[in-house]
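S.K.: Give the three-dimensional model of this entry:
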Amino acid sequence: MSVFCLIDDKHVPLYRVIWVAATPHFCGEDDCQCEGDYEVRLEQGEVVWANKDERDALLRALEEWAGGPAGPGDTWE
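M.R.: Here you go, the predicted structure:
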């Protein structure tokens, strides 16, 4: 397993991801280049934008990296 996930043209280290948006970006600005993409917030206020497939792959990679999805009876210490 790699500690990197490919988003756009960037190999993003999983340990730098703070959060991943659940809904696509929409601001209504005519010149917005990120409409429909998902915000991925990184450390130090950095942001990368992922399409749906990249976002889903990132979420799967984060779950695997963290030891799998939490299920009934699992405790996160």
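
S.K.: Below-threshold pLDDT in the chain: ranges please.
M.R.: 69-77 (pLDDT under 70).

S.K.: For this protein, which segments count as helices?
M.R.: Counting by DSSP state H, the segments of the chain that form helices are 52-65.

S.K.: What's the end-to-end length of stretch 15-32?
M.R.: One end of stretch 15-32 sits 28 Å from the other (C-alpha to C-alpha, to the nearest Å).

S.K.: List the contacts of that stretch.
M.R.: Residues outside stretch 15-32 that contact it (C-beta atoms under 8 Å, 6 or more residues apart in numbering): 3, 34-43, 46, 49-50, 52, 55, 58-59, 62. Bear in mind the C-beta positions are built from the backbone N, C-alpha and C, glycine included.

S.K.: let's go with 7 Å and repeat that
M.R.: The contact list for stretch 15-32 (C-beta atoms under 7 Å, 6 or more residues apart in numbering) reads 3, 34-43, 55, 58-59, 62.

S.K.: Residue 2 - nearest residue in space that isn't next to it in sequence?
M.R.: Of all residues not flanking residue 2 in the chain, residue 61 sits nearest, at 7.8 Å (C-beta to C-beta, 6 or more residues apart in numbering).
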